[in-house]
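[1] coordinates only, sequence not included:
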């Protein structure tokens, strides 16, 4: 299993929204699927990805688990990032 963030440093220069989008893409979820799985409105998820809003702390942990990344990676780009080609 490849830890993309540690191999290339990907995500460190991105925003929270950019990392959410990157992890969602790696997990092969659409915005609609991801929002439904987490139990939020599609618009809420879209606002997170566009940095118009940020998930609350209780959602951040759930989001990280669903996308199989660490909370630290979502917040800072450091830690367990998305895996590709699994």
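    It's in. Keep in mind that what you see is a predicted model, and the values were worked out from it rather than measured. Residues are numbered from 1 along each chain as shown.
[2] What residues of stretch 74-82 count as buried?
    74, 77, 79, 80, 81, 82 (16 or more other C-beta atoms under 10 Å). For every residue, glycine as well, the C-beta is placed using N, CA and C.
[3] Show me what the helix or strand containing the first one is packed against.
    Right, the one you point to is residue 74. Under the criterion of DSSP states H and E, residue 74 resides in helix 71-76. Under the contact definition 3 or more C-beta pairs under 8 Å, 6 or more residues apart in numbering; DSSP states H and E, helix 71-76 sits against helix 16-26, helix 57-67.
[4] Give the residue spans of the chain that score low on pLDDT.
    In the predicted model, the chain carries pLDDT under 70 at residues 1-13, 85-86.
[5] One more pass at 90, please.
    1-13, 83-86 (pLDDT under 90).
[6] quick one, what contacts the residue nearest the centre of the chain?
    Residue closest to the mean C-alpha point of the chain, counted by C-alpha atoms, centre = their mean, is residue 20 at 2.7 Å. Going by C-beta atoms under 8 Å, 6 or more residues apart in numbering, residue 20 touches 48, 49, 55, 63, 67, 74.
[7] could I get the buried residues of stretch 74-82 as CSV with distance to residue 27?
    As requested, the buried residues of stretch 74-82 are exported to CSV (distance: C-beta to C-beta, whole Å):
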residue, distance to residue 27
74, 13
77, 17
79, 16
80, 13
81, 12
82, 7
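[8] Looking at those residues, spot the one nearest residue 32.
    residue 82 (19.1 Å; C-beta to C-beta).
[9] wait, doesn't the closest one sit right on residue 29?
    No - if you go by C-beta atoms under 8 Å, residue 82 and residue 29 don't touch, sitting 11.3 Å apart.
[10] measure stretch 45-65 end to end?
    16 Å (C-alpha to C-alpha, to the nearest Å).
[11] Would you mark the buried spots in it?
    Within stretch 45-65, judged by 16+ other C-beta under 10 Å, the buried ones are 45, 46, 47, 48, 49, 54, 55, 59, 60, 63, 64.
[12] for the third one, phi and psi?
    Just to be clear, that refers to residue 47. Dihedral pair for residue 47: phi -70, psi -40, per degrees, to the nearest 10.
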